[in-house]
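**Student:** need coordinates for the below:
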Amino acid sequence: LTGLANRRQFDAELARELDRAARFGHITSLIMLDIDNFKHYNDHYGHQAGDEVLKALAAVMRRGIRAIDVPARYGGEEMAIILPETPPAAAFDAGERLRRQVAALYGASIPAPVTVSVGVATAPEHGDTPATLIQSADAALYEAKHSGKNQVSLHRLQ
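**Tutor:** Okay, here's the model as predicted:
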């Protein structure tokens with residue numbers, strides 16, 4: 001549907017990238033995006049409109065990243081982007097750009113405004129394995145969702 005890497009491909013690519021980053025002393029950031037109120041959107045506008053939102057979000061992701069970045073559909077309405085050699089501030093800025101571009105999608109095939117919440121984490125600071133980095137990005141995403149949605153949150157160490 002989206003043309004993005006699937007969860008299995010994402011998991012393999014994240015493991016490879018974290019291994020490479022550890023070997024060469026690089027950092028890697030991870031962005032997790034979730035479409036706000038997507039179930040309500042599907043229920044109200046129909047699944048075809050929901051599919052159009054997913055396709056439009058995938059297009060925004062592909063246009064808004066570098067060739068070395070890896071966008072993926074993580075599951076359902078949740079997307080992820082692996083950002084090799086990207087410090088936290090730059091990853092946060094990338095997440096904010098994506099958030100703004102998604103908010104501007106309303107129009108032709110998108111019948112109502114759409115927003116995303118975004119979580120950002122960076123290895124090795126926020127986790128040095130795929131599981132811990134995903135957990136950190138998910139925690140940041142949870143914070144963005146529970147702080148009002150339509151925003152970007154950078155993982156904070158406890």
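
**Student:** just the buried positions in stretch 72-85, please.
**Tutor:** Across stretch 72-85, burial judged by 16 or more other CB atoms under 10 Å covers 72, 73, 74, 77, 78, 79, 80, 81, 82, 83, 84, 85. C-beta here means a position set from N, CA and C on the backbone, and glycine is covered the same way.

**Student:** my error: substitute stretch 55-71 in the last question.
**Tutor:** Result for stretch 55-71 [16+ other CB under 10 Å]: buried residues 55, 56, 57, 58, 60, 61, 64, 65, 69, 70, 71.

**Student:** any idea how far residue 28 is from the first one?
**Tutor:** When you say that, I think you mean residue 55. With distances taken as CB to CB, to the nearest Å, residue 55 is found 27 Å from residue 28.

**Student:** please apply the same query to the fourth one.
**Tutor:** For residue 58, the distance to residue 28 equals 21 Å [CB to CB].

**Student:** from the buried residues of stretch 55-71, pick the one nearest residue 98.
**Tutor:** Among these, residue 64 lies closest to residue 98 (CB to CB), at 5.3 Å.

**Student:** ignoring the adjacent residues along the chain, who's closest to the closest one?
**Tutor:** In space, and not counting its chain neighbours, residue 64 is closest to residue 98: 5.3 Å by CB to CB, 6 or more residues apart in numbering.

**Student:** ok, residues contacting stretch 124-134?
**Tutor:** Here stretch 124-134 makes contact (CB atoms under 8 Å, 6 or more residues apart in numbering) with 11, 14-15, 18, 21-22, 27-28, 30, 32, 88, 121, 123, 135-137, 155, 157.
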